[in-house]
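K.L.:
got a sequence here, can you model it:
(chains A and B)
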Number of protein chains: 2
Amino acid sequence: MKPIKKRLLTPGPTMVPERVLEALSRPTLYHRSPEFKSVFLETRERLKKLLRTEGEVLILTSSGTGAMEAAVSNLFNPGDSAVVVVGGKFGQRWEELCRAYGVEPVKVEVEWGKAVDVDSVRKAVEENPGVKGVLVQICETSTGTVHDVKAIGEVLKDHSDVLLVADGITAYGVYDIPTDDWGIDVAITGSQKALMTPPGLAVISLNEKAQERLCEGRSYYFNLSKELKNQRKGQTAYTTATNLVVALNEALKMIEEEGLEEVARRHFVLAEATRAGVKALGLSLFSESPANGVTAVVSPEGVNGQEVVRIAREEFGVTIAGGQEHLKGKIFRLSHMGYVDIFDVLTGLEVTELALRKLGYSGFKFGDSVSAALEVYRKLEGQVEVD
Amino acid sequence: MKPIKKRLLTPGPTMVPERVLEALSRPTLYHRSPEFKSVFLETRERLKKLLRTEGEVLILTSSGTGAMEAAVSNLFNPGDSAVVVVGGKFGQRWEELCRAYGVEPVKVEVEWGKAVDVDSVRKAVEENPGVKGVLVQICETSTGTVHDVKAIGEVLKDHSDVLLVADGITAYGVYDIPTDDWGIDVAITGSQKALMTPPGLAVISLNEKAQERLCEGRSYYFNLSKELKNQRKGQTAYTTATNLVVALNEALKMIEEEGLEEVARRHFVLAEATRAGVKALGLSLFSESPANGVTAVVSPEGVNGQEVVRIAREEFGVTIAGGQEHLKGKIFRLSHMGYVDIFDVLTGLEVTELALRKLGYSGFKFGDSVSAALEVYRKLEGQVEVD
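P.N.:
Presented below is the predicted three-dimensional model:
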């Protein structure tokens, strides 16, 4: 049987709600029109609420990596140094960006799948006086790990000259994060993750401290001073992806309607259900500090994780994600981020069962993961009475 | 947790594929334009292939009931009599339509949930010389029952003056039905079932025998002679739902791409998986001759089927169907018709488990239905090797 449906269970791009697709397909607005200006300002306000920041929030027409580049190239000067937490592919990206812009990375290396030890960040900052920032992921998507950025923010309270730059690309909209309270000076996210919008937009917040640090951007396109000046007036420096902005605005409305706390709770419940399901198959989680947006699963002995991904996609129409870099083949990743409900989570577990069985792994009975996931769901959900 | 997604698992309207929704939203065509004419003729040709008939296939802008009315009012005269198989709500509709148009119904009553005994149809025809037709459902949607219309067609081979009129509204696109070979003179279906298109279009086929029987239609709107004359040229008597026709054409393309045999096989496998899942919960099927498009489940002792439906919809966002008429509260119905894959089937079973548990029925462990359904799926599917 060939699959007749395509289901997207990757940690970005994620499934886009029908309402957002409808918004996306509205007639294109001129980016200098009053109508678009009003949508743009509204979207920025909604993003501020999402990020819980009093700072400025800029929308960039790029992937999340563009916003990371904007942060490095606009907030640091060549010769500056910055502490970089490297515990996965996206930590590496911070390091690469620093090198690309002549910023010396002071690396805090973390074993992939572990959360950074906050004391090692403290030590790196203290032992390297003059470091201008700490660059970290809130969630390291490549390993499905959440770092304790709140604790890092605490550490940096004694270092007012150090900017805390947090890549929250798979964290905002998964967790309810009080950006300002945590001491995050610069927060980054992207449209195609928990924000339930197609790829193409990145978001970067700048509190006052970060705004004061803006230097002459060395990227022409990612010029945050210029964007700041423009976006305060509802303009962008260059043509932005107007349809995507309209779509993002609609997605943010949906988050507001559900309520950010409730959105975060849903992600927690779905993540717990996923984790219980995975364990019920005799598998283990790759991360010691598993994130609520994506679950990295260790492929069982003798099973290539890439084959799980291939079978899920080719034979069942479900796209899940494999491992990256040295984790390729060793893990696979089930996303439960954004427009996801319990039935999507169960689909991810079911396709895992089907693929694993096909690959000869037999440490379970069909439905075991669903059984465990539903028990956890029911318990946490509280909606369904305990019998 | 409020449901964030809506899932449609009713026996019509059914889920509409993204491709079909896209086609639906193309700019509206003028119903007298050459462009529309070409789409309309193409759609009629595709319907002929779907129905496997050399007869004429007409598209009506109405629900399926409209096509039933068109059949009764255009093929029978007041004072005529017709054998009517009544084993559910839609059999009753044939009877009501006959009475509305002065056609005397010779009722073959069938206990709801049972297939008609073909001999009783034979007897009704033989004992009532002069009956002009046999009106039957291929699938009686209200009870999830499939009648053996092929066998009825065999019986009627000796009665060339009796028209076999088959309501295949939830049968075409679920089964691969050779309309002509089975001796069906008039076949009826609708857009919103296995044809994966929103409601609004009905289809009626007329073989030569049926065309010869066309009388002065007593409905102004449902005038099959007039439609026949117009539709042969790619026109309709009155304005048709042009966007729906474009959408239906796309849906039929999808069926052709998958292949009608494969489509029928998919429905068989999904129905078998559903039936196994239901039984694994200790529940029984309502029908003794269960259809492949929809499964009617007997509500367990002490559980009101309407409550299962309500909880599924209100608390989990999944719309399934209840029972109709005297079956209200006694059964609920899970559809697996049209744009449905194994994961949709499992969602239907999972929501059943969640709702039943909430209603105090505890004769199962979470995941039991999924386990049974996946085992059957794997066995029938043959794609996943047996370990």
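K.L.:
how much space between the residue nearest the centre of chain A and residue A:195?
P.N.:
Geometric centre of chain A, nearest residue: residue A:170, 1.0 Å, by C-alpha atoms, centre = their mean. Remark: distance between residue A:170 and residue A:195 (C-beta to C-beta, to the nearest Å) = 10 Å. For every residue, glycine as well, the C-beta is placed using N, CA and C.
K.L.:
just residue A:267 next, same as before
P.N.:
Using C-beta to C-beta, residue A:267 is found at 13 Å from residue A:195.
K.L.:
in the stretch 251-387 of chain A, where is pLDDT below threshold?
P.N.:
Along the stretch 251-387 of chain A, segments meeting pLDDT under 70 span A:383-387.
K.L.:
now with 50, please.
P.N.:
A:384-387 (pLDDT under 50).
K.L.:
can you map out the strands along it?
P.N.:
Ranges of strands in the stretch 251-387 of chain A, per DSSP state E, counting those that start in this stretch, are A:294-298, A:318-319, A:321-322, A:331-335.
K.L.:
mind checking which of these is nearest residue B:43?
P.N.:
strand A:318-319 (31.8 Å; C-beta to C-beta).
K.L.:
tell me the strands beside that closest one, with direction?
P.N.:
With DSSP bridges as the test, strand A:318-319 is paired with strand A:7-8 (parallel).
K.L.:
any idea which helix or strand comes after the strand it pairs with?
P.N.:
Of the helices and strands lying after strand A:7-8 in sequence (DSSP states H and E), the nearest is helix A:18-24.
K.L.:
which parts of that following helix are buried?
P.N.:
The neighbour-count check on helix A:18-24 (16 or more other C-beta atoms under 10 Å in any protein chain shown) flags A:20, A:21, A:23, A:24 as buried.
K.L.:
ditto for stretch A:47-54
P.N.:
Across stretch A:47-54, burial judged by 16+ other C-beta under 10 Å covers A:47, A:48, A:50, A:51, A:52, A:53.
K.L.:
ditto for stretch A:210-226
P.N.:
Within stretch A:210-226, the residues scored as buried using 16+ other C-beta under 10 Å are A:210, A:211, A:213, A:214, A:217, A:218, A:221, A:222, A:223, A:224, A:226.
K.L.:
re earlier: pretty sure the residue nearest to the centre of chain A is in a helix, no?
P.N.:
No - using DSSP: H, G, I helix; E, B strand; the rest coil, the assignment for residue A:170 is coil, not a helix.
K.L.:
touching, it and residue A:292? I think so.
P.N.:
No - taking C-beta atoms under 8 Å as the definition, residue A:170 is not a contact partner of residue A:292, at 9.4 Å.
K.L.:
thinking again about what came up before, can you list the strands of the stretch 251-387 of chain A in a markdown table and add distance to residue A:262 and mean neighbour count?
P.N.:
Formatted as a markdown table, the strands of the stretch 251-387 of chain A follow (distance: least, C-beta to C-beta, whole Å; neighbours: other C-beta atoms under 10 Å in any protein chain shown):
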| stretch | distance to residue A:262 | mean neighbour count |
| --- | --- | --- |
| strand A:294-298 | 20 | 27 |
| strand A:318-319 | 26 | 22 |
| strand A:321-322 | 26 | 21 |
| strand A:331-335 | 19 | 27 |
